[in-house]
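In: Model the structure of this input:
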Amino acid sequence: MRIAVVGAGIVGVQTAWQLRRRGHRVVVVSPDVGEGASWAAAGMLAPVSEVQYGQERLYPLMMQARDEYPPLIADLERATPRPHGYLENGTVLLGWDAADRRSIADRAQVQREHGMAVADLAGRALRRAEPALNPQLTSGYAAPGDQQVDPRLLIGALTDALGRDLDPAAFPGAGPAAEWVRGAVERIDAAGEEGWRLTLAAGGDSSPAAAQKSPGTSRTLSADRVLVAAGMGYGRIAGVTERLPLDLRPVHGDVLRLRLVPGQLLPGEDHLISATIRATVRGRQVYLVPRGDGGLVIGASVREDRLEGVSAGGVQELLDDAVTVLPAVKDMELVEMTARARPGTPDDIPYLGRVPGAEGVVVSTGYSRHGILLAPLGARLAADLLTDRPLGDHDAALLAGMDPARFSPSLERTPA
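Out: Residues are numbered from 1 along each chain as shown. Modelled structure (predicted):
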C-alpha cells in the first residue's frame, strides 16, 4: 500500500519507519522535519521518574514504550551510520529540602507499588555516583531502568534510514525509500478507488512523484491510507478529520541547552554528571540531562498560557534550581533557549485510533510531555491499524484506552 504520513515529528517519522519496514510505500508530508515539539524535547525515556499522581493509566504505556526502544535502536544501527544519542544511563531522583525529600520518598513508594525498580541512594554511594552534585544533597533514589535519547539526532537517523537503500539481508521485504513532500495539508477527502486525497496549501517544494499541481493554487496527492500525526496542527486540517473533533490544548515547556567551557573539567573527566538528574527544589521540578559531548539539557517548565516563546521567569527558575542541584551549571555556556507547544489531552492520554466513518485514516496525537518516550509504541500500534494487522489482547486494551473518540459520546467508536 501507499501510505501518507502527515507530520514529521518523532511520532510521524517513527511510524513511517515502521511502515517501510513492513514493505509499504511511504510518503511523508510536512512543512518541515522535526521542528515542532520534538526539536525542543530533552529526550528522557523515563517511565519510572516520570510517575505523576493521578496518571496511573499512563504507567503501562510508558513502561511498554521504553521496552520498545532497544529494538528500534538496533534497527537503526543496521540501517544508517547516523548517531541516535540513545543512552541507558538511568535517573537519580533528589529532593532539596525536607518537604522535597518527603515528596520524592512518597513518589518512590508509588513507583515500588507499581513494580518499578527504584533503589535507595544515600551518603557515599550518592557522592561516588555523582560527585559534582551540591554536597548538601545527601540522599535520593536511583531509577536504573530509565534511559534517554537525543531527539534531534534520533529524527536525523530515522530520516536518513527512511531515505536510503536498505540492505535486503538485514531488512527483508522492506518497502522503497520514502518520498518527502514539503507542505502543510489543508484537507483530507475520500477519493473512491484512489483511497484518500490530500490537499496541500499553496507554496513549498514537493516530490514530483508524490504531489501534482491542481488547477488552482493548491497541490494534491493520493494515498491508500493516511496517518495524521500533525500534533497541534490536527485542528487545522479539514475534510474527514472534521468527523472527529479533538480536544487538544498547548502545553508549553521551556528547555535550556548548555555546553562546557574550556578548562571546566578536570584532566580525565568528560562530563559533569553521568545519570539524568531529576530534582524537586522548593516544590519545583527540574531535570538535567547529560549529553554525550558533555553538555546539558535543562528543563522543563510546564506552562498552559498564551506565551509561545520562552518565558523569562521560567528560564530564571530553571537556572536557579539547576545551579542549586549542580553548582557547576553557573560556569557553563548557555547556548540555546527553546519553547514549543506540545499537544495535550484532557486526561493526558494520547489519541490513537481510526477516524469514525473513515477507517483508512488513523490519528496519532496528544502525546503531551511524553511524546519522545511513547513514540515507538504509538508508531507500532498506528502501523498495525493502518495495515489491518490483527491485534493481541494487550495491544487492543492499550488502544481502547487511547480511543480518540472517548470524549465524544455521540460518535460511533471504531473497533481497533
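In: which residues in this structure form helices?
Out: In the chain, the segments counted as helices under DSSP state H are 10-21, 37-40, 58-67, 69-79, 98-113, 123-129, 151-163, 312-325, 371-386, 393-401.
In: how about CSV for the ones you listed, with distance to Glu88 and mean pLDDT added?
Out: Bear in mind the C-beta positions are built from the backbone N, C-alpha and C, glycine included. Formatted as CSV, the entries for the helices of the chain read as follows, by distance: least, CB to CB, whole Å; pLDDT from 0 to 100:
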stretch, distance to Glu88, mean pLDDT
helix 10-21, 19, 98
helix 37-40, 21, 91
helix 58-67, 10, 94
helix 69-79, 8, 97
helix 98-113, 18, 94
helix 123-129, 15, 94
helix 151-163, 15, 97
helix 312-325, 22, 96
helix 371-386, 14, 98
helix 393-401, 24, 96
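In: got any ranges where the chain has weak pLDDT?
Out: Counting by pLDDT under 70, the chain contains low-confidence residues at 203-218, 409-416.
In: domains of it?
Out: Residue ranges for each domain of the chain read 2-39+153-248+348-401, 91-144+249-342, as given by automatic domain parsing.
In: Between the ones you listed, which one is closest to Tyr59.
Out: domain 91-144+249-342 (5.6 Å; CB to CB).
In: end to end, how far does that closest one reach?
Out: In terms of CA to CA, to the nearest Å, the two terminal residues of domain 91-144+249-342 are separated by 23 Å.
In: Distance from the chain centre to that domain, please.
Out: A distance of 19 Å separates the centroid of the chain from that of domain 91-144+249-342, by CA atoms, centre = their mean, to the nearest Å.
In: repeat for stretch 391-411
Out: Here stretch 391-411 is found 20 Å from its chain centre; the criterion is CA atoms, centre = their mean.
In: For that stretch, which outside residues touch it?
Out: Around stretch 391-411, the neighbours that count as contacts under CB atoms under 8 Å, 6 or more residues apart in numbering are 57, 60-61, 64, 243-247, 346, 349-353, 355-356, 363, 366, 377, 381, 384-385, 412-414, 416.
In: now those residues: which count as buried?
Out: By the neighbour-count criterion of 16 or more other CB atoms under 10 Å, the contacts of stretch 391-411 include these buried positions: 60-61, 64, 244, 246, 349-353, 355-356, 363, 366, 377, 381, 384-385, 414, 416.
In: beta partners for Tyr351?
Out: With beta bridges defined as DSSP bridges, Tyr351 has these partners: Thr365.
In: Just the CA coordinates for stretch 42-52, please, in PDB.
Out: As requested, the backbone C-alpha atoms of stretch 42-52 are provided in PDB (Å, rounded to 0.1, in the frame of the first residue of the first chain):
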ATOM      1  CA  ALA A  42      15.100  16.700  26.200                       C
ATOM      2  CA  GLY A  43      14.500  13.100  25.300                       C
ATOM      3  CA  MET A  44      14.100  11.400  28.700                       C
ATOM      4  CA  LEU A  45      12.800   7.800  28.300                       C
ATOM      5  CA  ALA A  46      11.900   7.800  32.000                       C
ATOM      6  CA  PRO A  47       8.700   5.900  32.800                       C
ATOM      7  CA  VAL A  48       9.900   5.500  36.400                       C
ATOM      8  CA  SER A  49      10.900   9.000  37.300                       C
ATOM      9  CA  GLU A  50       8.000  10.500  35.200                       C
ATOM     10  CA  VAL A  51       5.500   9.000  37.500                       C
ATOM     11  CA  GLN A  52       2.800  11.500  38.500                       C
END
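In: Buried deepest among the domains of the chain, which one?
Out: Counting by mean count of other CB atoms under 10 Å, domain 2-39+153-248+348-401 has the highest mean neighbour count of those, with a mean of 20.
In: First-to-last residue distance for that domain?
Out: Criterion CA to CA; first-to-last residue distance in domain 2-39+153-248+348-401 is 28 Å.
In: repeat for stretch 236-248
Out: In stretch 236-248, first residue to last residue: 12 Å (CA to CA).
In: contacts for it?
Out: By CB under 8 Å, 6+ apart, the list of residues contacting stretch 236-248 from outside reads 6, 184-190, 196, 199, 228, 230, 232, 234-235, 343-346, 351, 355-358, 361, 363, 365-366, 404-405, 407-408, 411.
In: Tell me which of the residues you listed fall in strands.
Out: Of the positions in the contacts of stretch 236-248, 6, 185-190, 196, 199, 228, 343-344, 351, 355, 358, 361, 363, 365 sit in strands, assigned by DSSP state E.
In: Confirm for me that Ala132 is in contact with Val329.
Out: No - judged on CB atoms under 8 Å, Ala132 makes no contact with Val329 at a distance of 9.6 Å.
In: any common contacting residues for these two?
Out: Among the neighbours of Ala132, none is also in contact with Val329 (CB under 8 Å, 6+ apart).
In: Give me the nearest residue to Ala105, chain neighbours excluded.
Out: Taking CB to CB, 6 or more residues apart in numbering as the measure, Ala105 lies nearest to Gly95, with 7.7 Å between them; neighbours along the chain are not counted.
In: Assess the claim that that neighbour and Ala108 are in contact.
Out: No - taking CB under 8 Å as the contact criterion, Gly95 and Ala108 are not neighbours in contact, 10.2 Å apart.
In: Leaving out sequence neighbours, find the closest residue to Val11.
Out: The spatial neighbour of Val11 that comes closest, neighbours along the chain excluded (CB to CB, 6+ apart), is Ala229 at 4.6 Å.
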